[in-house]
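1. give the three-dimensional model of this entry:
(one chain, ligands or ions: 2)
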Amino acid sequence: MHCLDCTLQSRPQTPAVGVCHSCGAAACPEHATVVQTASGPIGMVLSTPKRRLLSCLNCAPKGHLAVA
Ligand SMILES: [Zn+2]
Ligand SMILES: [Zn+2]
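-> Ligands and ions are numbered 1, 2, ... in the order given. Take a look at the predicted model:
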């Protein structure tokens, strides 16, 4: 599977590292970012571990565009 954004930019051979959880597009490290789900409701801290989700840059919420 190859990165959708790279393919759209005439770079069809870039391997993807994962699939965007929102739109389903495959994304390479350059075009993907990891977002974490919000913390659980107050009182649920111990029972709601954070999940990591891969998002393409098109779907990433503002503030998550820079990969740590
Ligand atoms: Zn890419
Ligand atoms: Zn997406």
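
2. could you use CA atoms for every contact and neighbour count after this?
-> Fine.

3. where does Val35 land in three-state SS?
-> strand (DSSP: H, G, I helix; E, B strand; the rest coil).

4. quick check: nearest residue in space to it, chain neighbours excluded?
-> Leu53 (5.3 Å; Cα to Cα, 6 or more residues apart in numbering).

5. using the three-state scheme, assign that neighbour.
-> Strictly by three-state DSSP, Leu53 counts as strand.

6. quick check: it touching Ser22?
-> No. Look at Leu53 against Ser22 with Cα atoms under 8 Å: they stay out of range, at 9.1 Å.

7. of these two, which one has the most company?
-> The neighbour comparison of Leu53 against Ser22 (other Cα atoms under 10 Å) goes to Leu53, with 16 against 13.

8. show the model's pLDDT score for Pro49.
-> As predicted, Pro49 sits at a pLDDT of 67.

9. which secondary structure elements does the lowest-mean-pLDDT helix or strand in the chain sit against?
-> One helix or strand of the chain scores below all others by mean pLDDT, DSSP states H and E: strand 32-36, with a mean of 88. Where contact means 3 or more Cα pairs under 8 Å, 6 or more residues apart in numbering; DSSP states H and E, strand 32-36 is packed against strand 52-56.

10. okay, buried residues for the strand it packs on please.
-> Buried positions in strand 52-56, judged by neighbour count with 16 or more other Cα atoms under 10 Å: 53-56.

11. rewinding a little: distance of the residue nearest to Val35 relative to ligand 2?
-> Counting by Cα to the ion, to the nearest Å, the gap from Leu53 to ligand 2 is 11 Å.

12. also Glu30?
-> Glu30 is 13 Å from ligand 2, by Cα to the ion.

13. can you start the count at 119 instead of 1 from here on
-> I'll keep to 119 as the first residue from here, and by that count the last item is Glu148.

14. so what's the residue most central in space within the chain bridging to?
-> For the chain, the residue sitting closest to the mean C-alpha position, by Cα atoms, centre = their mean, is Ser173 at 1.8 Å. Legend: beta-bridge partners of Ser173 under DSSP bridges are Thr151.

15. hey, where'd the helices end up in this protein?
-> For the chain, applying DSSP state H gives helices covering 122-126.
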